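1. Got a sequence here, can you model it:
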Amino acid sequence: MKNNLSHDTHHHPLGPAFRTMGVVIAIGIVYGDLGTSPLYVMKAVMNALPHNRPDFIIGAVSCVIWTLTLQTTIKYILITLRADNKGEGGILSLFALIRQKYRWAYVIAAIGAATLLADGVITPSITVVSAIEGLHNVYPSTPVVGVAIGVILVLFALQPFGTASLGRFFGIIMLGWFFMLGAFGLSNFMEYLPIVKAFNPMSAILFLKACPQVLIILGAIFLCATGAEALYSDLGHCGLHNIQVSWIYVKITLILNYLGQGAWAITHTDSIVPDINPFFQIIPSWFSLPGVIMATLAAIIASQALISGSFTIITEAISLGLWPNIKIKYPTELKGQMFIPGINYILMMLCIMIIYVFKSSSNMEAAYGLSITITMLMTTLLLFLYMRSNNTQLWKSIPITLCFLIIEGGFLLANSMKFSHGGFITILIAGFIFLIMYIWYNGRRIKNRCVTYEKIAPVIPILDQLSQDTQVPKFATHLVYVTRAKYKTDIESKIVYSLINRQPKRADTYWFVYLWRSDEPYEFNYNVTTFVKEKIFRVDITSGFKLGFHVDDYLRRIVSKMQKEGDVDLISRYPSLRANNIRGDFRYMVVERIMRNSFVLPFYRKTILIIYTIIQKFVTSDTQILDLDPSNVTVESAPLVKKDN
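-> Numbers count the residues shown, from 1 in each chain. Prediction:
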């Protein structure tokens, strides 16, 4: 019996429908990081330039323009966004598309996800601090560190309540922010029209040849593209066409602003001092305070997008077996909005630490960009595997891949110089995250290799007789086991051990539930197999990797539908309760596999399994990850057994 319950499964292949409001929302959600980069990019470039020569400044602006064009427009907007998983994007969604064919690519996906999460620590910090530093033009005595930490505390404190009510305003605020960027950039651009030479790629090439500190300059220029990965991650929230259309407006305003900052730097060489920020210098004095307020709002919106993105990455990693089971809350009814307490407060503490240690955006610039470069490289590698899995011809896939590997490899070389200036912090964070992902993924695989199965056919008549044996105390009316047996003809030995050998468990109805996580984000369907009419069933549930597992809810809906169709009797078998038409109880069994001292494995695998077991003690239990009511769950343990034994 194959069915598809009513569920929020419809998902446009290119994401939400294209419409004017969709474009505005995309501007608010997708472009926060890219949109706030003018706050610190030209400041970092001016600090790195050995000479304030006009040709150097024009060359640097040209590098920014062509980095945005090659990395953001061509790689992400035109190519990568088309590698969608039923409308969903991001590095883990890309891995989900290819993992059946290239399972080993989990290492690439884990490195990319780990570095992206590490980037989520420093990006809110540098964005907020850069915005608050603008207050120096209005109130020179502003305690930047204290105010920035206060903003971060408020931002993270709001996460448990959800941001659905604020989301509708983000697009309008960011629309105004980009208009401000373009308007003030244009007014300064008009004061030095020769800076239009920056559109010529030769200006960038000649600059890179002539500049004596080219790697330091490239490290600063790369900051303009750090938000490009967010375009891909937010594909499911906004849709391909909304992102592509809104990018036209966003890119025009960004380029105008960079041109304006460059023009100001050329026409005000005497005003350039260390750590001066051209962004705030091109804003008229009469608009200084509103400009700082707008910058702060844009920084908060950008940080919010990164925090939400971190929650999404962790949720997808859990679904793909790359991260331990942890508690996830859903503060609003808005699809895709979630809150992970542990991740939220760890991010908050790390952001505060970054602000307190680095103190200024200039110091953060020296450490920023290294980890996200690695993420982009990993996305490029996965994109090549995706093209190969789709049988894209090599003469197309290889040049595309090599082109971006060369560009990103150059940026990685440049950003590697930041390692000793604080870049090591994000690499250490990313390394720790990757280690957890690697151990969790492989620990689960080692454990799964130790699962032994038996044929279910001989077990069925025993259970049928057991359910009628009144000498055995009744354990439950409905007894449910979650099984890992992929084939309906099999059952785990540990479940047979629990049902019959350890302590015979008599029930009126037995349910074996098999869960399959689909690579399609929002797919949901199920299939019921009847072994004994109205007594022994197997339910195979397919759930998309973005939906997660909610076994209690899923099974309740499935059995209610079965009762309406006359396939099962849910009323209690106790006469007093049955007379009042009261439903029977459901008891879920969770059988945990434990490693005994006598369990023999090679040193490498046993070490991974030991660390895996330690991590498991600090994370969410199977009861929570399956979303079961703890009051209806009985937990038992069974020893791990090697298959050859």
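2. In the stretch 401-550 of the chain, what residue spans correspond to helices?
-> Taking DSSP state H, counting those that start in this stretch as the criterion, the stretch 401-550 of the chain carries its helices at 423-449, 459-468, 493-496.
3. Could you single out the most deeply buried of the ones you listed?
-> Highest mean neighbour count among the helices of the stretch 401-550 of the chain (mean count of other C-beta atoms under 10 Å): helix 493-496, with a mean of 20. Every C-beta, even on glycine, is put in place using the N, C-alpha and C of the backbone.
4. and it, how far out from the chain's middle?
-> Relative to its chain's centre, helix 493-496 lies at 36 Å (C-alpha atoms, centre = their mean, to the nearest Å).
5. Using CSV, list the CA coordinates for that helix.
-> Provided in CSV are the C-alpha atoms of helix 493-496 (Å, rounded to 0.1, in the frame of the first residue of the first chain):
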residue,chain,number,x,y,z
SER,A,493,19.2,-9.2,15.2
LYS,A,494,19.1,-6.6,18.0
ILE,A,495,15.3,-6.2,17.6
VAL,A,496,14.7,-9.9,17.6
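6. Counting by contacts, list what that helix packs against.
-> strand 453-455, strand 586-594 (3 or more C-beta pairs under 8 Å, 6 or more residues apart in numbering; DSSP states H and E).
7. Just give me the residue right at the centre of the protein.
-> The structure's the chain has its C-alpha centroid closest to I313; by C-alpha atoms, centre = their mean the separation is 1.7 Å.
8. rewinding a little: least reliable of the helices of the stretch 401-550 of the chain going by mean pLDDT?
-> The stretch with the lowest mean pLDDT among these is helix 493-496, at a mean of 88.
9. what comes up buried for stretch 376-390?
-> Neighbour-count burial for stretch 376-390 flags 376-388 (criterion: 16 or more other C-beta atoms under 10 Å).
10. Going by distance to G369, which of the residues you listed wins?
-> Of all these, M376 has the smallest distance to G369: 10.3 Å, by C-beta to C-beta.
11. Identify the residue spatially nearest to the closest one, adjacent ones excluded.
-> E408 (5.1 Å; C-beta to C-beta, 6 or more residues apart in numbering).
12. I'd guessed the one you found sits against T375; true?
-> No. When contacts are counted by C-beta atoms under 8 Å, E408 is not listed as touching T375 (9.6 Å).
13. tell me the mean pLDDT for the top helix by length along the chain?
-> The residue-count maximum for a helix in the chain (DSSP state H) belongs to helix 288-319. For helix 288-319, mean pLDDT rounds to 87.
14. any idea of the angle it forms with helix 423-449?
-> Angle between the axes of helix 288-319 and helix 423-449 is 20 degrees (criterion: axes from the mean of the first three to the mean of the last three C-alpha atoms, to 10 degrees).
15. quick one: buried residues of helix 288-319?
-> Applying 16+ other C-beta under 10 Å to helix 288-319 flags 288, 291-292, 294-319 as buried.
16. can you list the residues that contact the very next helix or strand once past it?
-> The C-terminal neighbour of helix 288-319 among helices and strands, as given by DSSP states H and E, is helix 341-358. Under the criterion C-beta atoms under 8 Å, 6 or more residues apart in numbering, residues 120-122, 124-125, 128-129, 145, 148-149, 152-153, 156, 159-160, 307, 310-311, 314, 326-327, 329, 364, 367, 422, 425, 429 lie in contact with helix 341-358.
17. chain center to helix 341-358, what's the gap?
-> Put simply, helix 341-358 sits 18 Å off its chain's centre (C-alpha atoms, centre = their mean).
18. What's the mean pLDDT across it?
-> Taken as a whole, helix 341-358 has a mean pLDDT of 91.
19. Likewise for stretch 77-91?
-> Here the average pLDDT along stretch 77-91 is 85.
20. distance between that stretch and the chain's centre?
-> Using C-alpha atoms, centre = their mean, the offset of stretch 77-91 from its chain centre is 14 Å.
21. what's the answer for stretch 225-240, then?
-> Remark: stretch 225-240 is offset 11 Å from the chain centroid, using C-alpha atoms, centre = their mean.
22. what do you get for stretch 497-510?
-> For stretch 497-510, the distance to the chain centre is 41 Å (C-alpha atoms, centre = their mean).
23. ok so, going back, isn't the residue nearest to the centre of the chain right up against S233?
-> Yes. Using C-beta under 8 Å, I313 is in contact with S233, at 7.5 Å.
24. how about low-confidence regions in this structure?
-> 1-19, 162-168, 330-337, 519, 521, 545-546, 548, 596-599, 641-645 (pLDDT under 70).
25. quick one: buried residues of the longest strand seen in the chain?
-> The single longest strand within the chain, with elements called by DSSP state E, is strand 506-518. By neighbour count, with 16+ other C-beta under 10 Å as the criterion, the buried positions of strand 506-518 are 506-515, 517-518.
26. Compute the inter-axis angle for it and helix 288-319.
-> Angle between the axes of strand 506-518 and helix 288-319 is 130 degrees (criterion: the same axes, to 10 degrees).
27. what's the spacing between the residue of the chain positioned farthest from its centre and A298?
-> Going by C-alpha atoms, centre = their mean, the residue of the chain most distant from its centre is Q471, 53.1 Å out. Distance, Q471 to A298, using C-beta to C-beta, to the nearest Å: 72 Å.
28. Any buried residues in stretch 190-198, and which?
-> Buried residues in stretch 190-198 (16+ other C-beta under 10 Å): 192, 195, 198.
29. chain center to that stretch, what's the gap?
-> 40 Å.
30. How about residues contacting stretch 95-110?
-> Applying C-beta under 8 Å, 6+ apart, the set of residues contacting stretch 95-110 is 83, 85, 91-92, 94, 316, 320, 322, 378, 381-382, 385-386, 389, 434, 437-438, 441, 519, 545.
31. for the protein, what spans make up the strands?
-> Going by DSSP E, the chain shows strands at 2-3, 453-455, 474-483, 490-492, 506-518, 524-532, 536-544, 586-594, 633-639.
32. Which among those is found nearest to L466?
-> Closest approach to L466 among the strands of the chain is made by strand 506-518 (5.5 Å; C-beta to C-beta).
33. May I have that closest one as CSV, with CA atoms only?
-> Taking C-alpha atoms only, strand 506-518 is exported to CSV below (Å, rounded to 0.1, in the frame of the first residue of the first chain):
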residue,chain,number,x,y,z
ARG,A,506,3.6,-9.1,24.2
ALA,A,507,1.6,-6.6,22.3
ASP,A,508,-1.6,-6.5,20.3
THR,A,509,0.0,-4.9,17.3
TYR,A,510,3.6,-4.8,16.2
TRP,A,511,5.0,-2.0,14.0
PHE,A,512,8.4,-1.9,12.3
VAL,A,513,9.1,1.5,10.9
TYR,A,514,11.9,2.1,8.3
LEU,A,515,13.0,5.6,7.7
TRP,A,516,14.7,6.7,4.4
ARG,A,517,16.1,10.2,4.1
SER,A,518,15.6,11.3,0.5
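34. what helices or strands is it leaning on?
-> Secondary-structure packing of strand 506-518 (3+ C-beta pairs under 8 Å, 6+ apart): helix 459-468, strand 474-483, strand 536-544, helix 551-564.
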